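# My questions concern the predicted model and sequence given below.
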Amino acid sequence: MDRSTDTSDRFRAADARAVRSLFGAITSAMQPARMPLALLAALFLSAFTPLVDLAGQHHFGERGLSSTPLAASERDFAYQRARAAVSRVASTELAAREDALKGEDGVPVEELSLSALRSIVREGTQNRIEERRASEGGLDEAEERRLRDRAVAAMKSIEAVEQRGIATVFFEAEGTAARKVLNGLASLDLEQCLAGILGGVFTVPATAVRSSPMVVVLAFLVMLCVLTFLSGGLCRMAAVHAGRASRLTPQEGATFARQRALNLVSIPVLPVIVLALLAVIVALFAVFLRIPVLNLVAGALFVVPALVGLLIAVLALVAIVSFPLMPAAVAVEDCDAGDAITRAGALVLARPLVWLAVLATSIAVLALGGVLVQGILQLASGAVSLSLAALGGVAGQAIASGDEAEVAALYGPDLLVGSTVWFWSRLFGLLGGAYIFSLLCDLATRSYLLMRARIDGESPATISGYGIR
């Protein structure tokens, strides 16, 4: 009895240390050495999104994935509305540009591009302001503000015409799901929290796939491959820190990922290949139903595709749930992709309730860390914005507003200054996303070490291979 009690006490103590270890990821993920790789992941997503939007060739309205893509007539109506807004700001300049595009029959050969409309707004705003300044009554600050506000309104109308493609609305929907999880955790509303998780993991991706199957599936695969590759270096840095209380340099983390690039990239590819091969069996039975004689055989053996479909669902669920542990397995065990996949799946299947508890704790830690870092970034950006608004003149006020249309409405040297500072502000804003990615990798690694210690009894200090000091 005493021995059993001692064993139970040791397990409870180990679990308490594991939970503290997960919360320790909040600060360890902030290490400056991890930011280059994490920021690279944030920059990749930022650059990859417009490419997927362009490939998807769909335009979505304000409702995003909740509605169908906009028809050509709806996009044309939005363009005409933007043109009308430009005309209110710069009618003379707009007429001159359109006259230059007219053919011999007096009909415009092509529509003005959105960049041309923006240029017309800036030109018209500059001309109106200079005309008013040169007039007898002059130009007071209030009137100049009204002219600039009209230009900003026109820029927003032009923004509404721009393509909001499948990737843009997908990330917007994922952000909504994340906020729902955060609100559920804050209000201790389990139902809302689960709805956000299910929506972000299953509903939103499924809706995106239905909207543009080929583009979305390929984009998902490319995105997962790149992010898994980058996570390999971050997970290795987190494993050495959590298991050995040591640190790797950014170069060492990047070298680890580069030398194991094939293993890391194969992690999302191999499950997709296996599931696709199983799906071929189901597809063959579906084709057989259209062929005489074979349709009778397919009907009699319909239990086969039914069982295969069930196997696909189970394997897909296990792959999704255990996916965070797979790059961590490569980082800790220095194994190949197949071994990492089987190790991660085996840990989840061996103690599914333990994994659910670890996963729930990780989500809470992720939310807490995200709120903390976003709060710090908001305080910093708020202080800078106050300084810009008070001392930075017209360009500073536009940048401090946080509205891209305000910056786009600037002209002359102010436009160059505003665009440059806006670029650095956006890059600074990506630090929040970089931290979230770093925290995800750290939590995945600590969760793997925790599950391995709980199930296999291995110490977190048993880390294989490269980078051990």
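Now that the structure is in, tell me what you want to look at.

# how near is V204 to A173?
Distance check for V204 against A173: by CB to CB, to the nearest Å, it reads 5 Å. No exception for glycine: its C-beta is placed from N, CA and C like everyone else's.

# Need the residues touching each of the two.
Listed as contacting both V204 and A173 by CB atoms under 8 Å, 6 or more residues apart in numbering are L65.

# roughly how far is stretch 396-413 from the heart of the chain?
26 Å (CA atoms, centre = their mean, to the nearest Å).

# neighbouring contacts of it?
118, 121-123, 125-126, 148, 151-152, 154-156, 159, 384-390, 392, 394-395, 414-415, 418-419, 421-422, 425.

# ok, now with 6 Å
118, 122, 126, 151-152, 155-156, 385, 388-389, 418, 421-422 (CB atoms under 6 Å, 6 or more residues apart in numbering).

# May I see the buried residues of it?
G396, Q397, A398, I399, A400, A405, E406, V407, A408, A409, L410, Y411 (16 or more other CB atoms under 10 Å).

# and those, which of them are in helices?
G396, Q397, A398, I399, A400, A405, E406, V407, A408 (DSSP state H).

# Read off the pLDDT value for the last one.
Yep, that's A408 we're talking about. In the predicted model, A408 carries a pLDDT score of 77.

# Which of the contacts of stretch 396-413 fall in helices?
Filtering these for helices - DSSP H - leaves 118, 122, 126, 151-152, 155-156, 385, 388-389, 418, 421-422.

# Top of those by number of neighbours, please.
A151 (29 neighbours; other CB atoms under 10 Å).

# check contacts around that residue.
Counting by CB under 6 Å, 6+ apart, A151 makes contact with V89, V121, T125, A409.

# Tell me where the model's unsure across the protein.
In the predicted model of the chain, residues 1-20, 103-109, 163, 402, 465-469 satisfy pLDDT under 70.

# Work out for me the element the residue most central in space within it sits within.
The centre of the chain sits closest to F171, judged by CA atoms, centre = their mean, with a distance of 5.5 Å. Assigned by DSSP states H and E, F171 belongs to helix 166-186.

# Mind listing what's buried along that helix?
Quick answer for helix 166-186 (16+ other CB under 10 Å): 166-174, 176-178, 180-182, 184-185.

# what two of the ones in helices among the contacts of stretch 396-413 have the greatest distance between them?
Q126 and S385 (25.1 Å; CB to CB).

# quick revisit: which among the contacts of stretch 396-413 gets closest to D189?
Out of the contacts of stretch 396-413, the member with the shortest distance to D189 (by CB to CB) is S385, at 33.0 Å.

# For that closest one, give its distance to A153.
22 Å.

# and stretch 237-253, how far out from the chain's middle?
Centre-to-centre, stretch 237-253 and its host chain are 25 Å apart (CA atoms, centre = their mean).
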